[in-house]
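# The following block contains a protein sequence and its predicted model.
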Amino acid sequence: MTAIRTTCAYCGVGCGIRATVTGERTAQIAGDPDHPANRGRLCSKGTHLGETVGLEGRLLHPMIGAKRASWDKALDLVAKRFRETIARHGPNSVAFYVSGQLLTEDYYVANKLMKGFIGSANIDTNSRLCMSSAVAGHIRGFGEDVVPATYDDLDVADLFVLVGSNTAWCHPIVYQRIRARCEAGAKLVVIDPRRTETAEEADLHLAIRPGSDVALMNGLLQHCRDADALDDAWLAAHVAVPADFWDQLGEGSDLWSVAKTCDVDAADLRRFYELFAATPRTVTLFSQGINQSTSGTDQVNAILNLHLATGRIGKPGAVPFSITGQPNAMGGREVGGLASTLAAHMDFGPEARARVQRFWAAPAIAEKPGLKAVDLFRAVGEGRIKALWVMATNPAVSMPDANRVREALAACPFVVVSDVIEKTDTGAFAHVRLPAAAWGEKDGTVTNSDRTISRQRALFPLPGEAMPDWWIVKEVARRMGWKNAFAYDRAADIWREHCRLSTYDNDGARLFALPGAAQGGNAAYDDMQPFRWGGDAMFADGRFPTDDGRARLVPVAQKPLPAPLEKWPLTLNSGRYRDQWHTMTRTGLAPKLARHRAEPLVEVHPRDGEQWDLADGGLARVATPQGESLYRVAFAEGQRRGELFVPIHWTDRTASGGRTGLLPRPLVDPHSGQPGFKRTPARIEAV
Ligand code: SF4
């Protein structure tokens with residue numbers, strides 16, 4: 001049997017897989033030795049993908065309410081209700097909420113329908129919850145949302161600084177490459193309030209006070225300046241520095257002040273600063289601990305400032321590196337499938353709008369950015385959005401203040417959910433449910449954290465009446481009256497259109513060339529080999545996509561960190577477990593993956609446990625101003641005093657407790673709109 005080359009369903013590492021179909025719905029999974037992201041390795045989740053391809057729990061037929069319907073009837077109803085809502089209330093009365101689980105082709109068609117044909121930018125994505133602060137930070141620092149790093153940088157770096165990232169659990173194959181380099185002598189510094197499994201193996205762990213990252217990075221930049229470790233020639237040639245940048249930076253950036261703000265030992269802090277200043281080949285990886293904050297964009301820019309000022313960008317092993325959570329968060333960014341971009345990294349300026357409208361031959365074009373995730377669901381709750389289509393995601397669980405999101409969905413006049421799973425928390429509110437093709441059935445492309453585009457390929461025929469997401473969207477678009485613009489027969493048609501829009505500028509000049517296998521006809525698409533979007537060495541020439549070609553140092557200041565409140569004396573943090581993915585609709589099907597963590601735990605420092613009369617292994621209720629949920633208590637020395645950690649995976653449908661989405665505040669970063677999941681005032685009590 002021939003192995004089919006495809007890409008893992010889960011995280012943004014984007015590992016290549018060789019899948020051998022062994023039966024009607026069974027497959028053997030192995031790492032693809034020729035894929036540049038993983039070179040044959042897979043983590044536990046990828047290894048057990050073969051156990052998750054059965055049809056248990058699948059949505060296999062269109063449903064209107066609780067009744068099975070034909071595709072024609074369901075699609076006609078969706079098109080009619082969207083058309084009527086737009087006619088009565090205008091294009092901004094409808095919205096799509098999509099997902100980093102979609103393939104790039106799915107994303108492209110949904111974005112085109114909303115922004116070019118409906119004429120609104122009310123399409124946002126669950127990637128808003130994951131990495132939108134990195135997007136906003138890149139745009140502020142570089143002029144465009146470009147990840148300048150590749151995985152090859154990991155193989156030549158001498159220092160890794162992992163900030164807010166439990167890489168060993170959340171991006172295991174990236175972590176294996178880091179460990180391999182550390183075994184050859186590179187150093188590892190982990191900056192995380194928790195002593196995670198990644199921190200356990202670090203040369204230095206700085207367990208900083210949550211939310212003090214800007215102070216830490218500004219102090220480091222000041223230290224580099226004092227230690228003569230800036231790259232003055234590079235700065236002068238390639239970076240615009242605001243006049244008062246250095247004066248502003250100086251305030252509160254001395255070692256002792258930073259140690260106090262971050263609540264870390266000054267000697268450890270000095271060690272980190274000296275190591276960084278002395279090690280030009282540094283990769284700073286950051287993830288959700290940086291992004292999921294109400295200061296996320298400032299935190300990203302504090303990191304980018306460091307790399308820009310020390311000239312550690314565009315050189316092998318010297319880069320800032322945003323690691324994405326979802327398998328295709330990057331593909332969504334490339335097509336512009338966020339409410340804050342128009343298409344293909346373009347903004348809503350008049351030139352870009354005219355160009356995209358011309359390219360799509362669109363009857364309308366969105367005039368301004370749309371509603372970002374938290375505002376979008378708020379608008380649903382307030383009755384401003386009257387028709388909502390949710391694709392491949394479960395906001396009733398994953399959005400902050402999830403109870404309000406449920407109330408909003410319950411009150412919305414028309415909710416469509418397209419998903420692979422029959423019973424989801426969000427699907428319970430849908431008027432129409434549409435069966436989507438799952439991993440192993442769909443064909444298309446995904447882009448991983450280092451911009452490598454890989455093919456996902458079908459292993460099995462489409463089951464029941466399931467169809468690819470792009471097909472579902474284009475059928476609705478055609479029924480809304482736009483037949484010619486959505487005349488796609490297969491994913492390759494969409495891919496070619498996306499490439500034409502993305503790789504030429506306003507005047508039709510080529511921005512960058514795609515490898516031969518990524519162009520051409522259907523056979524070239526079918527045979528496409530992994531390649532990096534935009535090329536390998538980003539910014540190596542020191543030119544940035546700004547008007548003057550220079551990057552920007554962005555002044556960022558540490559915000560005051562409020563003292564704990566009497567009623568809410570603790571701080572709640574949340575994150576992933578090693579062997580689970582999102583709301584476990586897929587990983588929950590692999591029994592071996594449940595062995596690692598069978599139930600949701602609240603991790604508490606043992607002395608906090610004593611203070612709050614908790615028993616290690618007992619049950620406790622975690623409460624915040626938004627809601628409460630039950631967890632099993634686990635005493636953990638690696639927790640900072642005063643802080644709790646809970647996992648994100650459990651839902652009403654998987655357990656009676658562990659409903660973490662109920663707990664965070666719906667507060668967002670002012671630049672990116674990303675919710676601040678990591679720092680919620682909380683309390684805990686034994687039950
Ligand atoms: Fe899949 Fe991520 Fe594991 Fe790679 S590291 S096998 S992409 S879950």
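All right, it came through fine. Numbering: from 1, shown residues only.

# which stretches of the stretch 551-687 of the chain aren't confidently modelled?
Applying pLDDT under 70 to the stretch 551-687 of the chain flags the ranges 653-655.

# Tell me which residue in it sits closest to the ligand.
Residue nearest to the ligand within the stretch 551-687 of the chain (CB to the nearest ligand atom): W581, separated by 7.3 Å. The way it works is simple: take the backbone N, C-alpha and C, and place the C-beta from them, glycine included.

# was I right about L162 contacting V190?
Yes - proximity of L162 to V190 meets the contact threshold set by CB atoms under 8 Å, at 4.9 Å.

# quick one, which of the two is more surrounded?
Between L162 and V190, L162 has the larger neighbour count (other CB atoms under 10 Å), namely 30 against 26.

# Checking my notes, that one in a strand, right?
Yes - under DSSP: H, G, I helix; E, B strand; the rest coil, L162 falls within a strand.

# ok, it - contacts?
Contact analysis of L162 by CB atoms under 8 Å, 6 or more residues apart in numbering lists 178, 188-192, 198, 202, 285-286.

# Select from the residues you listed every entry located in strands.
Using DSSP state E, the subset of the contacts of L162 located in strands is 188-191, 285-286.

# which one of the residues you listed is nearest K112?
Nearest to K112 among the ones in strands among the contacts of L162: F286, at 31.5 Å, using CB to CB.

# The closest one - nearest residue in space that isn't next to it in sequence?
Spatial nearest neighbour of F286, excluding adjacent residues (CB to CB, 6 or more residues apart in numbering): V163 at 4.4 Å.

# I'd say that neighbour and V214 touch.
No - applying CB under 8 Å as the test, V163 and V214 come out as separate, 11.3 Å apart.

# Helix, strand, or coil at the closest residue to P62 other than its chain neighbours?
Spatially, and ignoring its direct neighbours in sequence, P62 is nearest to A74 (3.7 Å; CB to CB, 6+ apart). Assigned with three-state DSSP, A74 falls in the helix class.

# OK, contacts around A278?
Contacts of A278 (CB under 8 Å, 6+ apart): A229.

# A strand includes W389, no?
Yes - under three-state DSSP, W389 sits within a strand.

# Number of residues surrounding it?
27.

# so how far is L376 from G57?
To L376, G57 is 28 Å away according to CB to CB, to the nearest Å.

# Got phi/psi on A19?
According to degrees, to the nearest 10, the main-chain angles of A19 amount to phi -110, psi 130.

# I'd like to know how many residues surround it.
Other residues near A19 come to 21 when the count uses other CB under 10 Å.

# Quick one, grab the pLDDT at it.
For A19, the pLDDT comes out at 98.

# Who does it form a beta bridge with?
When bridges are called by DSSP bridges, A19 pairs up with I4, I29.

# Next one: it from H498, what distance?
Distance, A19 to H498, by CB to CB: 25 Å.

# and what of V146?
V146 is 17 Å from H498, by CB to CB.

# When the two are compared, which one has more neighbours?
A side-by-side neighbour count of V146 and H498, using other CB under 10 Å, places H498 first with 23 against 20.

# so what pLDDT did G516 get?
On the pLDDT scale, G516 gets 62.

# Can you name the residue of this protein nearest to the ligand?
Per CB to the nearest ligand atom, G46 is where the chain lies closest to the ligand, at 2.5 Å.

# What is the burial count for that residue?
Using other CB under 10 Å, G46 has 24 other residues around it.

# mind checking pLDDT for it?
For G46, the model assigns a pLDDT of 96.

# ok, now which ones touch it?
By CB under 8 Å, 6+ apart, the residues touching G46 are 8, 10, 15, 17, 29, 31.

# Mind doing that once more with 7 Å?
G46 makes contact with 8, 10, 15, 17, 29 under the criterion CB atoms under 7 Å, 6 or more residues apart in numbering.

# same thing with A157?
A157 neighbours (CB under 7 Å, 6+ apart): 181, 186, 281-283, 317.

# run the last query once more with 6 Å
The neighbours of A157, taking CB atoms under 6 Å, 6 or more residues apart in numbering as the test, are 186, 281, 283, 317.

# Repeat that for W495.
105, 525.

# so it sits in a strand?
No - under the criterion used here (three-state DSSP), W495 is helix, not part of a strand.

# Centroid-nearest residue for this structure?
Compute the mean C-alpha point of the chain, and by CA atoms, centre = their mean the closest residue is C130, 3.4 Å away.

# If we ignore the residues flanking it in sequence, what's nearest that one?
Nearest one to C130, counting by CB to CB, 6+ apart, is G325 at 4.4 Å.

# pLDDT below threshold where in the stretch 201-350 of the chain?
Low-confidence segments of the stretch 201-350 of the chain (pLDDT under 70): none present.

# Return the residues of the chain in contact with the ligand.
Residues of the chain found near the ligand (CB under 6 Å from any ligand atom) are 8, 10-11, 13-15, 38, 42-43, 45-46, 171-173.

# Any of the contacts of L162 buried? List them.
Those of the contacts of L162 that meet the buried threshold are 178, 188-192, 198, 202, 285-286, by 16 or more other CB atoms under 10 Å.

# Format those residues as TSV; extra columns: distance to K567.
Shown next, in TSV, are the buried ones among the contacts of L162 (distance: CB to CB, whole Å):
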residue	distance to K567
I178	41
L188	39
V189	36
V190	33
I191	30
D192	27
T198	33
A202	36
L285	37
F286	32
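
# how about the closest residue to L220 other than its chain neighbours, secondary structure?
Using CB to CB, 6+ apart and skipping residues adjacent in sequence, the residue nearest L220 is Y273, 5.5 Å away. Counting by three-state DSSP, the backbone at Y273 sits in helix.

# Quick check, Y273 in contact with L221.
No - applying CB atoms under 6 Å, one finds Y273 not in contact with L221, separated by 9.8 Å.

# Counting neighbours, go ahead and name the busier of those two.
L221 (27 against 22).

# Within the helices and strands, which one has that one?
For L221, the host element (DSSP states H and E) is helix 213-226.

# Name the residues that touch the helix or strand that that helix is followed by?
Next helix or strand after helix 213-226 toward the C-terminus (DSSP H and E): helix 232-238. Identification of contacts with helix 232-238 by CB under 6 Å, 6+ apart yields 309, 311, 542, 550.

# Does the last one touch A240 like I think?
Yes - here R550 lies in contact with A240, judged by CB under 6 Å, at a distance of 4.5 Å.

# Looking at these two, which has the bigger crowd around it?
A count of neighbours by other CB under 10 Å puts R550 above the other of R550 and A240, at 19 against 16.

# Next one: W482 from T261, what distance?
54 Å.

# circling back to that earlier point, how many residues are close by the residue nearest to F286?
Once other CB under 10 Å is used to define contacts, V163 is seen to have 24 neighbours.

# Across the sheet, point out what pairs with it.
I191, F286.

# distance of it from D72?
Per CB to CB, V163 is found 51 Å from D72.

# beta partners of D419?
Beta-bridge partners, per DSSP bridges, of D419: P435.

# any idea how far it is from I123?
Separation of D419 from I123 (CB to CB): 17 Å.

# go on, S287?
S287 sits at a distance of 25 Å from I123 (criterion: CB to CB).

# swap in L593?
32 Å.

# more neighbours, these two?
Here L593 and I123 are compared on neighbour count by other CB under 10 Å; more neighbours surround I123, at 28 against 23.

# wait, isn't that one in contact with M114?
Yes - proximity of I123 to M114 meets the contact threshold set by CB under 6 Å, at 4.1 Å.

# Between the two, which contacts overlap?
Joint contacts of I123 and M114 (CB under 6 Å, 6+ apart) are F96.

# what's the burial count for the residue nearest to C130?
Residues near G325, counting by other CB under 10 Å, number 24.

# How about the secondary structure of it?
Assigned by three-state DSSP, the conformation of G325 is coil.

# same deal with R597?
Three-state assignment for R597 (three-state DSSP): coil.

# quick one on the thing from earlier: from the buried ones among the contacts of L162, which single one is nearest D298?
Checking these one by one against D298 (CB to CB), the nearest turns out to be F286, at 12.6 Å.
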